[in-house]
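In: When you get a sec, could you give me coordinates for this:
(2 chains)
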Amino acid sequence: MGIEDVLGECDGKPCQRESRQNNFIKQLDQHQTVLVRVVRRLCAGDHDHSEDIIQETVLKGYCAYMEGHLDKDAGFRPWILKIALNTFYHHARSKKHVFQPLTDDLQAAQRECPEQVVINGIFDVPLEDAMRSLPSDQRLAVELVDVAELSYIEAAQAMDVPIGTVRSRLARARLALGLYLVQHGYESPK
Amino acid sequence: MRTLLTRFADGNLRGLVRLYVDAHTRSCPKCRQAYEALLALRDRFAALRRQPEEGLSQQAWEALQAHIDTQERR
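Out: So this is what the prediction gives:
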């Protein structure tokens, strides 16, 4: 009985493959919540649409990972998010998916019942509406850094832009959000 | 200054630059207001982040497993 009988038809490659599979699943398990959060928010609550993108991202990510497309020095989280963003944009171009503003009903509901912070799963209706008013590149920077809590470097990797671009988009976005909240009466001028 | 204020609010400035921005926000009312607005915005985002976390759906995991199984059979 040789070692091949113990390991099966193991010439090293199947064992490495299984190890790589396990590593991918382990990393995916570790970062699944941020992936789901980012995609769900980008899809503005369209559960079916976000589920399509998430599943496509996972499969694309698996294939790319098994082919060795994740650099050793790169982080899994920004890498898988980059795949998710590319998938989202591909869907958007082909299906013309657009961000929808919150309805007047939701805004009125929060004004009447400010203690009801959860409306359709959204905690802060004015902030969500303000974010929807941003240009898409600025909104994405805010989603990744302020909501998903990526570092500037991770956000730059996920967006495939220089870190300086992330910083400037964030700065412009936060200024625009603050102005929006003040102009619409949700914040007092500082 | 806008970008520096953002990084200052995020705690991403170090050394002399951080000291400069810190001193500047204390002496410049306009920048102080902008900085406080950034902090208020940060608090709103902190509340937003308290939304319940959601993992991959069972369908997503099953789709991945099915793909792996298909690859293994080849």
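In: What is the neighbour count of the residue lying closest to A:Thr33 once chain neighbours are set aside?
Out: Spatially, and ignoring its direct neighbours in sequence, A:Thr33 is nearest to B:Glu53 (4.4 Å; C-beta to C-beta, 6 or more residues apart in numbering or on different chains). Any C-beta I mention is one placed from the backbone N, CA and C, and that applies to glycine too. Neighbour count of B:Glu53, defined by other C-beta atoms under 10 Å in any protein chain shown: 11.
In: how near is B:Glu53 to A:Gln27?
Out: 17 Å (C-beta to C-beta, to the nearest Å).
In: Next to chain B, which bits of chain A? Give me the list.
Out: A:21, A:25, A:28, A:32-33, A:35-37, A:40, A:51, A:54-55, A:58-59, A:62, A:117, A:121, A:123-124, A:127, A:145-147, A:149, A:152, A:167-168, A:170-172, A:174-175, A:177-178, A:181, A:187, A:190 (C-beta under 8 Å from any C-beta of the partner chain).
In: for A:Thr87, what are its contacts?
Out: Neighbour list for A:Thr87: A:53, A:56-57, A:60 [criterion: C-beta atoms under 8 Å, 6 or more residues apart in numbering or on different chains].
In: Which of the residues of chain A next to chain B are buried? Put it as a ChimeraX command.
Out: Per 16 or more other C-beta atoms under 10 Å in any protein chain shown, the buried members of the residues of chain A next to chain B correspond to this ChimeraX selection:
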select /A:21,25,28,32,35,36,37,40,51,54,55,58,59,62,123,124,127,145,146,147,152,167,168,170,171,172,174,175,177,178,181,187,190
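In: contact partners of stretch A:50-58?
Out: Contacts for stretch A:50-58 (C-beta under 8 Å, 6+ apart): A:28, A:35-36, A:39-40, A:42-43, A:80, A:83-84, A:87-88, A:91, B:56-57, B:59-60, B:63-64.
In: Which of the contacts of A:Thr87 fall within helices?
Out: Using DSSP state H, the members of those that fall within helices are A:53, A:56-57, A:60.
In: tell me the two of the residues you listed that are most distant?
Out: A:Ile53 and A:Lys60 (10.3 Å; C-beta to C-beta).
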